[in-house]
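Visitor: just coords:
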């Protein structure tokens, strides 16, 4: 607990604001996951088109948003699973004018028979907030456009 408090103490004021916004987005996403069927969380039958390659600066901004979501998930009021984290990240990216994120879902087999699923967001070909090795350990089963607020 002390190390977590120290880590939070090193944040800048803007980091705190991003942390608070990310916590709100995680709460929204958790409620969405709890109240809607999983198939309704992404655009209807929307396999995402191949996005244009964003600039290095835009990818860096997207990675900053992903760090805020990670901090909120780590230090916030609850520990969300990957799907609410991915939905919250997608929402925050869109709010910042960084549309074009792709919600990816993959599976892998563990202990021979157990199937484990994972959701993450890619932006400009980069899996945000994920290590490449972790993402590669999953076989993609879905790659869809993130749900847009209407």
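Guide: Nice, thanks for sending it over. What you are looking at is a predicted structure, and each value in this text was computed from that prediction instead of being measured.

Visitor: contact partners of stretch 22-39?
Guide: 41, 65, 68-69, 71-73, 76-78, 80, 83-85, 87-89, 91-92 (Cβ atoms under 8 Å, 6 or more residues apart in numbering). Quick note: C-beta positions are derived from backbone N, CA and C, even for glycine.

Visitor: tally of neighbours for residue 130?
Guide: When neighbours are counted by other Cβ atoms under 10 Å, residue 130 registers 20.

Visitor: now do residue 13
Guide: 7.

Visitor: where do the helices of this structure begin and end?
Guide: In the chain, the helices defined using DSSP state H lie at 2-9, 13-35, 56-75, 82-95, 132-136.

Visitor: now for the fourth one, which elements pack on it?
Guide: Using 3 or more Cβ pairs under 8 Å, 6 or more residues apart in numbering; DSSP states H and E, the elements in contact with helix 82-95 are helix 13-35, helix 56-75, strand 102-110, strand 114-123, strand 139-146.

Visitor: now do the contacts for the residue lying closest to residue 64 once chain neighbours are set aside.
Guide: With sequence-adjacent residues excluded and distances taken as Cβ to Cβ, 6 or more residues apart in numbering, residue 64 is closest to residue 18, at 7.5 Å. Going by Cβ under 8 Å, 6+ apart, residue 18 touches 64, 65, 68, 71.

Visitor: report pLDDT for the closest residue to residue 78 other than its chain neighbours.
Guide: In this structure, residue 78 finds its nearest non-sequential neighbour in residue 30, 7.0 Å apart by Cβ to Cβ, 6+ apart. The confidence metric pLDDT takes the value 94 at residue 30.

Visitor: returning to that earlier point: tabulate the contacts of residue 18 (a markdown table), appending neighbour count and distance to residue 140.
Guide: As requested, these are arranged in a markdown table below (neighbours: other Cβ atoms under 10 Å; distance: Cβ to Cβ, whole Å):
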| residue | neighbour count | distance to residue 140 |
| --- | --- | --- |
| 64 | 14 | 25 |
| 65 | 27 | 22 |
| 68 | 25 | 26 |
| 71 | 19 | 27 |
